[in-house]
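Chemist: I need the structure of the sequence given here:
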Amino acid sequence: MPAPVRESDVEKYLVRQVKALGGEVRKVKWIGRDGAPDRLVMLPVLECYDRFIVRGPIWVELKRPGGKAKFPSDARERRQAREHERMRKMGQRVEVIDSFEGVDEVLR
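Modeler: The predicted structure follows:
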């Protein structure tokens, strides 16, 4: 029986997939901001025919598989949901990922 997938496995997969696209993943430490995402994904500009496609930064919160809550239940999850919403209102893209499939979906 295979070992269960851990959050660190999803993180390694995220880093591999982003690097394959020519991008970088940075771990971010926030001061005074509980609940803020702790990964920053930066992807290169794409050249498509006669135009460029600029892909902005993606703030990523990684969770253990199955740990992505639709309705935050404890104080920590509520703080995270509030902080993510605050960042989205400022025009930032914030994603919560808890699986390999989630990584693929975000990087599409």
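
Chemist: which regions of the chain sit below the pLDDT cut-off?
Modeler: Across the chain, the stretches falling below the confidence threshold (pLDDT under 70) are 1, 69-71.

Chemist: Which stretches in it count as helices?
Modeler: Here the chain has its helices, by DSSP state H, at 7-20, 75-89, 100-107.

Chemist: who does the residue nearest the centre of the chain bridge with?
Modeler: Centroid check for the chain by Cα atoms, centre = their mean gives Val60 as the closest residue, at 2.0 Å. Legend: beta-bridge partners of Val60 under DSSP bridges are Arg39, Glu95.

Chemist: Wait, it touches Ile97, no?
Modeler: Yes. Taking contacts as Cβ atoms under 8 Å, Val60 lies within contact range of Ile97: 5.9 Å. Backbone N, C-alpha and C define where each C-beta goes, glycine included.

Chemist: Identify the contacts common to those two.
Modeler: 14, 106 (Cβ atoms under 8 Å, 6 or more residues apart in numbering).
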